[in-house]
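# pasted the sequence and its predicted model underneath.
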Amino acid sequence: MNENMSARGGSAFGGRKIIVISMVTLDGVMQAPGGRKEDTSGGFKYGGWTASFNDKVFNKAMANELKPADYLLGRKTFEIWEKYWPKHADFWPGINSGTKYVMSSTRKSSDWNKSVFIKNVADIKKLKKTKGPNIQVWGSSKLIQTLLKNDLVDELRLKIFPLTLGSGKKLFGDGTIPAALKLVEGTITPTGIILANYERSGKVKTGSVEV
């Protein structure tokens with residue numbers, strides 16, 4: 001991973017940034033933040049856990065994230081989205097106009113416009129080297145594990161909610177590599193949501209803390 005990243009236009013050495021945007025609890029759960037039936041896999045009972053925390057600061061931050069981009073999605077997230085977002089284009093026009101790259105070993109096509117299916121990490125690496133807008137990752141817990149394991153995440157934009165759930169799909173799994181990050185923007189909303197944007201920043205440095 002390049003240590004020197006430009007703020008908005010991809011890495012300093014060319015190519016496109018992969019930006020993970022995730023709503024997450026204090027104990028790292030990212031499953032089904034938006035609705036009770038969004039993702040009940042694994043018997044998850046707490047879908048829609050973000051609903052009671054919305055405030056103007058958070059909504060403004062989210063509106064900024066919905067600006068036009070390209071997207072990299074796991075198959076399960078894509079299949080949830082392809083049923084919903086084509087019918088709700090007025091709320092998020094960018095998700096329909098942006099190219100959606102879908103990591104899948106089983107799907108090859110979709111009626112949703114501008115959907116492109118890719119198969120493996122090599123395809124993602126090739127995608128990063130192409131010209132175009134930065135690439136956002138939403139949901140897609142398994143895909144995020146793959147990206148972190150292969151050091152392909154350039155930026156994390158986390159919305160950290162003040163609650164714990166104890167179970168559910170986690171943002172960081174066992175395959176996450178040691179990596180240093182730099183906070184480039186941070187805000188706390190009136191309802192206690194921490195909005196923290198981190199960029200990849202080299203290797204982990206260790207030492208002894210002296211008192």
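Nice, thanks for sending it over. In this text, all values refer to a predicted model and were calculated from it rather than measured experimentally. Residues are numbered from 1 along each chain as shown.
# contacting residues around Ser104?
If you count contacts by CB atoms under 8 Å, 6 or more residues apart in numbering, Ser104 has them with Gly74, Arg75, Phe78, Phe117, Ile118, Lys119. For glycine as for every other residue, the C-beta is placed from the backbone atoms N, C-alpha and C.
# recalculate using a threshold of 7 Å.
Arg75, Phe117 (CB atoms under 7 Å, 6 or more residues apart in numbering).
# state the phi and psi torsions of it.
phi -160, psi 140 (degrees, to the nearest 10).
# and the pLDDT for it?
In this prediction, Ser104 carries a pLDDT score of 96.
# distance-wise, check it relative to Leu171.
As defined by CB to CB, to the nearest Å, Ser104 lies at a distance of 21 Å from Leu171.
# and what of Ser208?
30 Å.
# please identify which of the two sits among more neighbours.
In this view Ser208 and Leu171 are compared by other CB atoms under 10 Å, and Leu171 has more residues nearby, 21 against 4.
# tell me which residues touch that one, please.
Residues in contact with Leu171 (CB under 7 Å, 6+ apart) are Ser22, Val24, Gly28, Met30, Ile144.
# cool, Lys170 as well?
Taking CB under 7 Å, 6+ apart as the criterion, Lys170 is in contact with Gly28, Val29, Met30.
# 6 Å instead, please
Gly28 (CB atoms under 6 Å, 6 or more residues apart in numbering).
# in the protein, which spans are strands?
Secondary structure of the chain (DSSP state E): strands located at 18-25, 70-74, 100-103, 115-118, 135-138, 155-161, 181-188, 194-200.
# what helices and strands are in contact with the second one?
So the one you mean is strand 70-74. strand 100-103, strand 135-138 (3 or more CB pairs under 6 Å, 6 or more residues apart in numbering; DSSP states H and E).
# likewise for the first one?
Using 3+ CB pairs under 6 Å, 6+ apart, the elements in contact with strand 18-25 are strand 135-138, strand 155-161.
# point to the helix or strand of the protein where mean pLDDT is at its lowest.
Across the helices and strands of the chain, mean pLDDT, DSSP states H and E gives its lowest value to helix 93-97, namely a mean of 89.
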